[in-house]
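> Let's see this in three dimensions:
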Amino acid sequence: MNIDCILGNEPVAYVPVFGGERAKCADPDYHPVIFQLLPMTVEQYESSGELVRRVDDESGEVGFSVKPEKVEEILARHVVGIENLFVAGGEPVADGKVFADCRKKATSAVAPLFMEILAAIRDLSVLSEGMRKN
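Next comes the predicted model:
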């Protein structure tokens, strides 16, 4: 069996769906928020707890289980850069550590952004169904 995998040392650009960011990319003059994400190694994935994605059948909302004490560590370690994201005062949010710190002060209105980024890290870190096949 030959499995082509992403090594955990190369960041992957991710434009979130949250706030219509991905849709706004249709405008060539728009500068979207771009997260540079590192996939988890097997060891990091296993130590993160049950980082399992789930979708609510009624609302369609995406969620997952993760040890609460691991969220900040996951964001700090796997969000290696952020472009075009600013807090209310205009201060740039440049990396996962700052992003995790913002999470502590953010209102619940932006909670889906944090969840989306955690889900994106999780999705980058596991094989897709198509990759499992020979």
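
> Endpoints of stretch 22-39, how far apart?
21 Å (Cα to Cα, to the nearest Å).

> Tell me where the model's unsure across this protein.
Within the chain, the segments meeting pLDDT under 70 span 1-8, 45-54, 61-65, 127-134.

> switch the cut-off to 80
Low-confidence segments of the chain (pLDDT under 80): 1-9, 41-57, 59-68, 125-134.

> At which residues are the helices of it located?
Taking DSSP state H, the helices of the chain run over residues 21-24, 42-47, 71-78, 96-105, 111-125, 129-132.

> With respect to A13, which of those lies nearest?
A13 lies closest to helix 111-125 among the helices of the chain, at 10.6 Å (Cβ to Cβ). The way it works is simple: take the backbone N, C-alpha and C, and place the C-beta from them, glycine included.

> Check which helices and strands the closest one sits against.
Counting contacts by 3 or more Cβ pairs under 8 Å, 6 or more residues apart in numbering; DSSP states H and E, helix 111-125 is packed against strand 12-14, strand 34-37, strand 52-55, strand 62-65, helix 71-78, helix 96-105.
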